[in-house]
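**Student:** Model the following, please.
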Amino acid sequence: MTVRKLRMAKTRPRLPEWFRTRLPSGELQRKFNETKATVKDNTLHTVCQEARCPNIHECWAAKDATFMVAGQECTRTCKFCAVGSIKIPPPLDENEPSNLADAVATMDLNHAVITVVNRDDLPDSGAAHYRRCLEAVREKSPDVSLELLCSDLAGDHDALADLLVGLKLDVFAHNVECVPRLDLRVRDRRASFTQSIGILKEAKRLRPDIFTKSSIMVGLGETDEEITEALKLLRNAGVDLVTIGQYLAPSPKHLPVDRFPEPIRYDEWSSQIEEMGFSGWACGPLVRSSYKAGELLARASARLRTEKE
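**Tutor:** Numbering: from 1, shown residues only. Prediction:
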């Protein structure tokens, strides 16, 4: 396989005119302000805020939030990611599960996404810790819907089983990030589309009762045809939910943006996804993997109920 030499972004390109977000108003604004005040008053930390997510108003107004556990730095060095890298991270925080549970309860969330950094330094890649975090949240907030945006656990299916079997979880998510051809250019050498597909497929085998989910970024050098093929591979692996969004370089040191597909292209991908039989999807320039995750889950659940009737 031929891999193009890595080019770094020298300057940040001007964003197209369709990169605009609408601020909430009325009841949605009130709910957003309420969540924001809770976060500030209790000194809570969310990925939504720290990553300056453009969709924070929509998600917080819907009582959705995303938290990152297992540290602030990752053992991998993917060329698209803003998270810092470290070979040997600090030990896991034993108080993190209870602190996370307190944060979710305090924010009175409807849907919580728990995302993680890669922990290749740990024998189980952090699986046991992730489970403790999710169980703590579930115990304190039994009515909140829970989504885990997980690492590939270094392809360890035994660790995946220890994590998922018997766990009260609504969505297991793992992002393939890019099309297969771009793996070596975009992702850490320890990651691959094939390994990610293996984790997603095994998660569905272990837990056919929960939704599986993945995400693809565009603007990394892929073609439209490759996006279609990647979607087919995800569906063949039993993935239920998928999101597609625009890659934006976090800094000049990251991969440059290759293209900005127009909104109509995302509509076409949405049509393809529906035809392939996915249960839920979100496609758009500003869509991120956890974009309005609670709403996506609710729509997918309603769709399945309708199909069974």
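**Student:** neighbours around the residue lying closest to Asp224 once chain neighbours are set aside, how many?
**Tutor:** Spatial nearest neighbour of Asp224, chain neighbours left out: Arg265 (7.2 Å); criterion: CB to CB, 6 or more residues apart in numbering. C-beta: built from backbone N, CA, C; applies to glycine. Residues near Arg265, counting by other CB atoms under 10 Å, number 17.
**Student:** what do you get for the one 4 residues further on?
**Tutor:** Here the neighbour count serves as a burial measure; for Trp269 (other CB under 10 Å) it reads 21.
**Student:** so what's it up against?
**Tutor:** 227, 231, 244, 283 (CB atoms under 8 Å, 6 or more residues apart in numbering).
**Student:** Next one, pLDDT for it please.
**Tutor:** In the prediction, the pLDDT value recorded for Trp269 is 98.
**Student:** distance between the ends of stretch 53-62?
**Tutor:** Stretch 53-62 has its terminal residues 15 Å apart, counting by CA to CA, to the nearest Å.
**Student:** now it: how far from the chain's centre is it?
**Tutor:** Here stretch 53-62 shows a centroid-to-chain-centroid distance of 15 Å under the convention CA atoms, centre = their mean, to the nearest Å.
**Student:** List of residues touching it?
**Tutor:** Counting by CB under 8 Å, 6+ apart, the neighbours of stretch 53-62 from elsewhere in the structure are 21, 23-24, 28-29, 31-32, 35-36, 47-49, 65-66, 110-111, 286-288, 290-295.
**Student:** List only buried entries from the residues you listed.
**Tutor:** When burial is judged by neighbour count using 16 or more other CB atoms under 10 Å, the buried members of the contacts of stretch 53-62 are 24, 28, 31-32, 35-36, 47-49, 65-66, 110-111, 286-288, 290-295.
**Student:** In helices, which of those fall?
**Tutor:** The members of these that map onto helices under DSSP state H are 28, 31-32, 35-36, 47-49, 293-295.
**Student:** Between all of the residues you listed, which two are separated the most?
**Tutor:** For these, the maximum inter-member distance is 20.6 Å, found between Leu28 and Val47 (CB to CB).
**Student:** ok, back up a step: need the worst-confidence member of the ones in helices among the buried ones among the contacts of stretch 53-62.
**Tutor:** Scanning those for pLDDT, the low point is Gln49. It has 67.
**Student:** Tell me the secondary structure of Ile216, please.
**Tutor:** When the structure is split into helix, strand and coil by DSSP: H, G, I helix; E, B strand; the rest coil, Ile216 lands in strand.
**Student:** Check the gap between Glu222 and Tyr291 for me.
**Tutor:** Glu222 sits 20 Å away from Tyr291, going by CB to CB, to the nearest Å.
**Student:** cool, and Asp209?
**Tutor:** To Tyr291, Asp209 is 24 Å away according to CB to CB.
**Student:** what does Gly126 give?
**Tutor:** 24 Å.
**Student:** For the stretch 101-250 of the chain, which segments count as helices?
**Tutor:** With DSSP state H, counting those that start in this stretch, the ranges of helices along the stretch 101-250 of the chain come out as 127-140, 157-164, 183-186, 193-206, 224-236.
**Student:** Take those and write them to JSON lines, including distance to Val171, mean pLDDT and mean neighbour count.
**Tutor:** Converted to JSON lines, the helices of the stretch 101-250 of the chain look like this (distance: least, CB to CB, whole Å; pLDDT from 0 to 100; neighbours: other CB atoms under 10 Å):
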{"stretch": "helix 127-140", "distance to Val171": "11", "mean pLDDT": "97", "mean neighbour count": "20"}
{"stretch": "helix 157-164", "distance to Val171": "12", "mean pLDDT": "98", "mean neighbour count": "19"}
{"stretch": "helix 183-186", "distance to Val171": "24", "mean pLDDT": "96", "mean neighbour count": "19"}
{"stretch": "helix 193-206", "distance to Val171": "10", "mean pLDDT": "98", "mean neighbour count": "20"}
{"stretch": "helix 224-236", "distance to Val171": "15", "mean pLDDT": "98", "mean neighbour count": "17"}
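**Student:** Tell me which of those lies nearest to Val117.
**Tutor:** Sorting these by CB to CB, the top spot, which is the nearest, belongs to helix 127-140 at 10.7 Å.
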